[in-house]
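Enquirer: Based on what follows, work out the 3D shape:
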Amino acid sequence: MGRKDDERRAVELARRSEAFDEFYSSIWAARWPAIRSALVQERHPVAFSHNLVKPYYMDEASICTAHLLPLADGDRVLDMCAAPGGKTLVLASRLDGRGEIVANDRSRDRRSRLDNVIREHLDERLASTVRTTCRDASRWGLYEKDAYDAILLDAPCSSERHVINSREHMAMWSPNRPKRLAMEQFGLLSSALMSVRPGGFILYSTCSLNPREDEMVVERLLTRRPGQVEEIEVDVARAERRAHGAMILPDSADGLGPMYFCLLRKTT
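Expert: Sure thing, here's the model as predicted:
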């Protein structure tokens, strides 16, 4: 029985892997093999250490993205989906104690990891400006409207790099998952728009390769909230423009990413 179960699991894994490749080939066409090859290469995180008590290692594309959110002294900042905490550290280091950060994650386990990262990497002065929470960020705008100067929404996404390197997650992959995620992402982005003050900024980002989770989420917000929000173009080395925002892709950026980002400003 055990042997037959293993054979069935192997067949199912092969089937889903083939479907995965077909799905992303339909998006990226002839470029998909190069992207796929880059995704399975060994990663080389870099040390981020500015204003930290010890370095935190992360994808350079993530560091770059966290620097795109405009910040000013005294700003109140919300990191809506903050765990594991790398981007939170970048934001805290940039504010350098001259502001406040609320770092949220809806998972208690992930919040615990976030707390550990903050405690281990920030000195007492900077750590005192960061408050962690464990709330459903899709409802944030119902309780704190026009409350933040800047919001980072690094949204939960398909995370294809993780899927392609994990037998467990590949075995659970389905082409329907991006549809569900896109609905969740739009809810989070709508909540962010309610929570940021007029004139404030939202940086929307994912590590997904699927346009449905990237520029199409932004397009939906712009369509559903006309006159309330505008896109701000940013120029980032090695990033490729999309219909909205831009993306760092591993096949053209020495293995960095994938990382999609779009900077938005609330107008009213």
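
Enquirer: What ranges does the protein have for its strands?
Expert: Counting by DSSP state E, the segments of the chain that form strands are 46-48, 56-58, 75-79, 99-104, 130-133, 148-154, 196-206, 229-232, 239-241, 246-248, 259-266.

Enquirer: Stretch 257-268: which residues count as buried?
Expert: For stretch 257-268, burial by neighbour count (16 or more other CB atoms under 10 Å) applies to Gly257, Pro258, Met259, Tyr260, Phe261, Cys262, Leu263, Leu264, Lys266. (C-beta placed from N, C-alpha, C; glycine too.)

Enquirer: out of the residues you listed, which one sits closest to His162?
Expert: Ranked by distance to His162 (CB to CB), the buried residues of stretch 257-268 are led by Pro258 at 10.9 Å.

Enquirer: picking that back up, just put the strands of the chain in CSV and tack on mean pLDDT and distance to Arg111.
Expert: Listed next are the strands of the chain as CSV, based on pLDDT from 0 to 100; distance: least, CB to CB, whole Å:
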stretch, mean pLDDT, distance to Arg111
strand 46-48, 98, 21
strand 56-58, 98, 17
strand 75-79, 98, 12
strand 99-104, 98, 8
strand 130-133, 98, 6
strand 148-154, 98, 15
strand 196-206, 98, 20
strand 229-232, 98, 29
strand 239-241, 97, 30
strand 246-248, 98, 27
strand 259-266, 98, 23
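
Enquirer: Ok, which of these comes nearest His162?
Expert: Nearest to His162 among the strands of the chain is strand 196-206 (12.3 Å), distances taken as CB to CB.

Enquirer: I'd like to know how many residues surround Thr133.
Expert: For Thr133, the count of nearby residues is 17 (other CB atoms under 10 Å).

Enquirer: So in terms of bridging, what pairs with it?
Expert: Counting by DSSP bridges, Thr133 is bridged to Asn104.

Enquirer: residues contacting it?
Expert: Val102, Ala103, Asn104, Arg111 (CB atoms under 8 Å, 6 or more residues apart in numbering).
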